[in-house]
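In: Need a 3D model of the sequence below.
(2 chains)
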Amino acid sequence: MTVYVKLFATLRRYRPGLGVGETFPVELPAGATVGDLLRELGLPEEEVKVVFVNALHREPDHPLADGDEVGIFPPVGGG
Amino acid sequence: MAKLMRLNMTDRSVTVEELPEQYKYLGGRGLTSTIIYNEVDPLCHPLGPNNKLVFGLGIVAGTAAPTSSRISVGAKSPLTGGIKEANAGSTFPPALAAMGVRALVVEGQPQDDKYWMAYITWNGEKGEPQVEFLPADEYLGRDLYEVFPELRERFGKVSIAGIGVAGEFRYANSGVVFDDMEGRPARYAGRGGLGAVMGSKGLKFIIVDRKGAPGVEIVDKETFDRGRKKLTEALLQHDITKPKGGLNTYGTAILVNIINEAGAFPTRNFSSGRFEGAAKISGEALFEGNKERLGKELYNHACSPGCIIQCSNTWYREDGTELVSCQEYESIWSLGANCGIDSLDVTGELIRLCNAYGLDTIEAGCTLAVAMEGGLAEFGDGEAAIKLMHEIGKGTPLGRILGAGTATTAKVLGVTRAPVVKGQSMPAYEPRAIKGIGMVYATGPMGADHTQGYTIAPEILGVSGKVDQFDKDKAALARGFLEATAFIDSTGHCLFIAFAILDIASGFEGVVEECNGVLGTNWTMEDVNRIGREILDRERAFNEAAGISKADDRMPEFMKLEPLPPHNVTWDIPDEALDAVWEG
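Out: The predicted structure is shown next:
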C-alpha cells in the first residue's frame, strides 16, 4: 500500500531537499502501522512527538491503510 | 521594600508609597487584577476618569530568574467591558523593577486634550524613582517606527511603553506597545483595548531610565538561587524550550503546520479548519525563506533581557533588508490564513502596520476577515488588506469602525459569523475541533483568549500529557489550566516556561522556590492552583458586577450550527458542561 507523508520542523532534515509541506509517497506492506512507517523512514523514536493520520492524532500501533495522509512532528510549542 | 507608584493624570501628581500589605505577595496579573478589583468601579466607563491602567511587575521581575522580563497591564477593557490583563516581554519590566516598583497605577483624567510623557529616573539622593511630565504633542499621529528612534536619540538607551495612533483614536482594538531589545516598537500587551485606556488618560509614553537604580530586594537568596537553577535546568533540557530547540529554531510560527494538520487552523473567517496555503506561511517557510534571502541560517532572538528560550524571529525582504520582527503564530494566522492570505511578505507588512499604528494583531486580523466576509475586500487580497489597515491608521470613518474590532465590524456589516466571546475575537485555534481550548475561550474571564489557559499543550502538542482534541469532558482540564496559568502570570515569567515545567516537575517547583526566595513566603506546589483560583475569583466577581454573567460564558451561535471542515464538527458542548468549569 502507499501512504503519503509530510515531515515537519526539525524532522525535515531526514529528507534533504524536501519542500516545506511537500508530500512524498512511501510504499509499505499491508497491515503496517504508524510505528513501522517511522522505522521505515529512519526517524529516531525520541524525535517524533505527534503523528496525524488523515487529520487525526494516532499512536505508533495504529494500522495504516492505502492512501492515508500522514503528518509527522517533533516536539513543538508556541502560543 | 516594594513600591506602588501612582500617576494621577488629572493634575499630573505623583505618589510613591510602600506596596500595601494586601498586595505584598502579589505580582503581575495577580497584582493588576486585585488592584482593579479593589479600586475600579465595575460600572465605570472604560474611557472615563474612574478606570485605572495598572502596570504590574511579576514577583521575580528584575531578578536573575531566567525568562522573567514580562509585565502585566490591566484595566477595565473597552473591548469586553470586563477585567483585562495583557502581557508583554520587553526591556521595560526589569528597568522599572530595578527601581523597586512592583505596581504603577495610572489614574484620573486630564481636563484638556493634551498628551504627556512620564519620564521616570532614579533619584539617588532620595533613594526613590522620580517622575517628570513632558509634553508629547510632537509625537502624536505618527508611525511608532519613526518615533521610537527619536525617543532614544533624545533620552538615550531608555525603556519605552506607550500607545500608537490606535490609542489616540480610542480604538477598542489598541494595545500598549513596549520596546524590544533592539529598540523596535514591537512587543505588545495587545489584547483588549488597553491602549485606548492609556490614551483616555492623556498618557502617550512612559519612559524609564534605570541608571543608578538599585535592583530588586530578595529576602532569601539561597532559596531563590536554588529555584532559579531548577527552572534553568528544565528550560535547557526540554525539547521545546532548549537552545536550538523548537522555539529557538522556528519560533511560535512552528504551530502553523501542526494546527493545520489537526484540522483546527481557522481559515477565511473561521469557515474551515484547513488552509491550502498553510505551508507557505509556516515557521519552516519563514526559516527557509530567510535562509534563501540572507544566504545563512537565522536562529531566533530574545524579546527581553534574561530570556534563555529566545523564540523571536525576524523576517527579511527579498533584498535582504528587515521587514519586521517578529511574525508570531497568532499574527501570521490572523492576518494570513484567517484572511485567506498565503504570503509571509504580506503578513509581514500587515504585522508591521499593526506595530506602527498600535494595534493588537489578533483582533486586527479577525476584523479584516469579517470585513472580507462583509464584502469590503476579497479573501486572499493582500493589497486590499493593507489598504484597509491604512484606513485604520488614518482614522477615516471606515477606519474608525474597523478599529473598534471584530464584533463591532460584524455588527455594522451584518455579518453573523463573528468569532468572538465577550466581545473579544478568538485566537488561532478552532474551538469546534479542539474542545478544551473552546471551553477556555468561553469561560475564562478575559473573553476569547488562549493564553489564559493553554490546553493546546495536552490537546495537540503532547505536553503535560495527551488528551483527545475531540473529547468533551474537559471542565476539570480547563479549570486546572486557568488556575495554574493565573499563578504563572503573576510570577513575571513568560508563559512559555509552561512547556518545560508542565513536563518537568522540578522546573515548576523551582518557580515556586524562586517566589519564596523573593517574597519570604513558604508556598508549595499545593498553593499554585489555590493562588491562581483566588485571582480568578476576583476577576470573575469584577466581571459579574460589571454585568457579565454566565450567559456570556458561551460560544457564538454559528459555531453550534455550522460543521467545520475537514472534520465536520460543530460546537456541541452543552451549557451545563461550560458552567461546570467554575461550579464543578
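In: Helix, strand or coil: sort out the residue in chain A that chain B sits nearest to for me.
Out: Closest to chain B within chain A is A:Gly21: 2.4 Å, counting by CB to the nearest CB. Using the backbone N, CA and C atoms, a C-beta is placed for each residue, glycine as well. Classification of A:Gly21 by DSSP: H, G, I helix; E, B strand; the rest coil places it in coil.
In: Surely A:Glu47 touches A:Arg12?
Out: No - counting by CB atoms under 8 Å, A:Arg12 is not a contact partner of A:Glu47; they are 11.5 Å apart.
In: all strands of the stretch 201-350 of chain B, in order?
Out: Secondary structure of the stretch 201-350 of chain B (DSSP state E, counting those that start in this stretch): strands at B:203-208, B:315-316, B:322-324.
In: contacting residues for the residue nearest the centre of chain A?
Out: For chain A, the residue nearest the mean C-alpha position is A:Ile72 (3.9 Å; CA atoms, centre = their mean). Residues near A:Ile72 by CB atoms under 8 Å, 6 or more residues apart in numbering or on different chains: A:Val5, A:Lys6, A:Leu7, A:Phe8, A:Leu11, A:Leu38, A:Leu41, A:Leu43, A:Val48, A:Val50, A:Val51.
In: ok, now with 7 Å
Out: Contact partners of A:Ile72, counting by CB atoms under 7 Å, 6 or more residues apart in numbering or on different chains, are A:Val5, A:Leu7, A:Phe8, A:Leu11, A:Leu43, A:Val48, A:Val51.
In: hey, what's it bridged with?
Out: Beta bridges link A:Ile72 to A:Leu7, A:Val51, judged by DSSP bridges.
In: ok, it to A:Arg12 distance?
Out: As judged by CB to CB, to the nearest Å, A:Ile72 and A:Arg12 stand 10 Å apart.
In: next one: B:Asn529
Out: Counting by CB to CB, the gap from B:Asn529 to A:Arg12 is 39 Å.
In: And the pLDDT for the residue nearest to the centre of chain A?
Out: What the model reports as pLDDT for A:Ile72 is 97.
In: related to what we said a few turns ago, what's the neighbour count on the residue of chain A closest to chain B?
Out: If you count neighbours by other CB atoms under 10 Å in any protein chain shown, A:Gly21 ends up with 21.
In: which residues do A:Ile72 and A:Arg12 both contact?
Out: Applying CB under 7 Å, 6+ apart, one finds that no residue jointly contacts A:Ile72 and A:Arg12.
In: B:Arg400: which of the strands of the stretch 201-350 of chain B is closest?
Out: Within the strands of the stretch 201-350 of chain B, the stretch nearest B:Arg400 is strand B:203-208; the backing value is 19.7 Å (CB to CB).
In: same for the closest one, what does it pack against?
Out: Helices and strands touching strand B:203-208, as assessed by 3 or more CB pairs under 7 Å, 6 or more residues apart in numbering or on different chains; DSSP states H and E, comprise helix B:92-97, strand B:116-123, strand B:159-162.
In: circling back to that earlier point, could you export the strands of the stretch 201-350 of chain B as JSON lines, including mean neighbour count and mean pLDDT?
Out: Formatted as JSON lines, these follow (neighbours: other CB atoms under 10 Å in any protein chain shown; pLDDT from 0 to 100):
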{"stretch": "strand B:203-208", "mean neighbour count": "25", "mean pLDDT": "98"}
{"stretch": "strand B:315-316", "mean neighbour count": "22", "mean pLDDT": "98"}
{"stretch": "strand B:322-324", "mean neighbour count": "19", "mean pLDDT": "97"}
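In: Turn the ones you listed into TSV, columns for distance to B:Asn248.
Out: Formatted as TSV, the strands of the stretch 201-350 of chain B follow (distance: least, CB to CB, whole Å):
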stretch	distance to B:Asn248
strand B:203-208	28
strand B:315-316	16
strand B:322-324	19
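In: Let me see the contact set for residue 54.
Out: No chain was given, so I picked chain A. Going by CB under 7 Å, 6+ apart, A:Asn54 touches A:Asp68, A:Glu69.
In: Chain B was what I was after
Out: Contacts were defined as CB under 7 Å, 6+ apart; by that measure B:Val54 touches B:Thr32, B:Ile35, B:Ile36, B:Gly74, B:Ala75, B:Ala103, B:Val105.
In: B:Ile206 now?
Out: Taking CB under 7 Å, 6+ apart as the test, what B:Ile206 contacts is B:Ala118, B:Ile120, B:Ala161, B:Gly162.
In: Quick check: bridge partners of it?
Out: B:Ala118, B:Ala161.
In: is it fair to say B:Tyr429 lies in a strand?
Out: No - looking at B:Tyr429 with three-state DSSP, it is coil, so not inside a strand.
In: Roughly how far does it sit from chain A?
Out: 10 Å (CB to the nearest CB, to the nearest Å).
In: Test my guess that that residue contacts B:Ile456.
Out: Yes - in this structure, B:Tyr429 is within contact of B:Ile456 by CB atoms under 7 Å, at 5.9 Å.
In: joint contacts of those two?
Out: Common neighbours of B:Tyr429 and B:Ile456 (CB under 7 Å, 6+ apart) are B:Ile437, B:His450.
In: Can you pick out the residue with more neighbours from A:Glu47 and A:Arg12?
Out: A:Arg12 (20 against 17).
In: can you tell me how far that one sits from A:Ala65?
Out: Going from A:Arg12 to A:Ala65 by CB to CB gives 25 Å.
In: for B:Glu562, same thing?
Out: 29 Å.
In: Next: B:Glu222.
Out: Applying CB to CB to B:Glu222 and A:Ala65 gives a distance of 59 Å.
In: go on, B:Asn257?
Out: Relative to A:Ala65, and taking CB to CB, B:Asn257 is found at 23 Å.
In: Comparing those two, which shows the higher neighbour count?
Out: Set side by side, B:Asn257 and A:Ala65 show more neighbours around B:Asn257, with 26 against 12, by other CB under 10 Å.
In: And the more buried one, how close does it get to B:Asn50?
Out: Separation of B:Asn257 from B:Asn50 (CB to CB): 47 Å.
In: With B:Ile254 instead?
Out: B:Ile254 is 43 Å from B:Asn50, by CB to CB.
In: quick one, which of those two is more surrounded?
Out: Set B:Ile254 next to B:Asn50 and count neighbours by other CB under 10 Å: B:Ile254 wins out with 30 against 15.
In: For the residue nearest to the more buried one when sequence neighbours are not counted, grab the count of nearby residues.
Out: Nearest residue to B:Ile254, sequence neighbours excluded (CB to CB, 6 or more residues apart in numbering or on different chains): B:Gly283, at 3.8 Å. As a burial measure, B:Gly283 scores 29 neighbours (other CB under 10 Å).
In: Would you map the helices across the stretch 251-400 of chain B?
Out: B:255-261, B:283-294, B:329-335, B:344-357, B:361-373, B:382-394, B:397-403 (DSSP state H, counting those that start in this stretch).
In: how near is B:Ile488 to chain A?
Out: Distance from B:Ile488 to chain A, by CB to the nearest CB: 13 Å.
In: cool, B:Leu151 as well?
Out: Applying CB to the nearest CB, the value for B:Leu151 to chain A is 28 Å.
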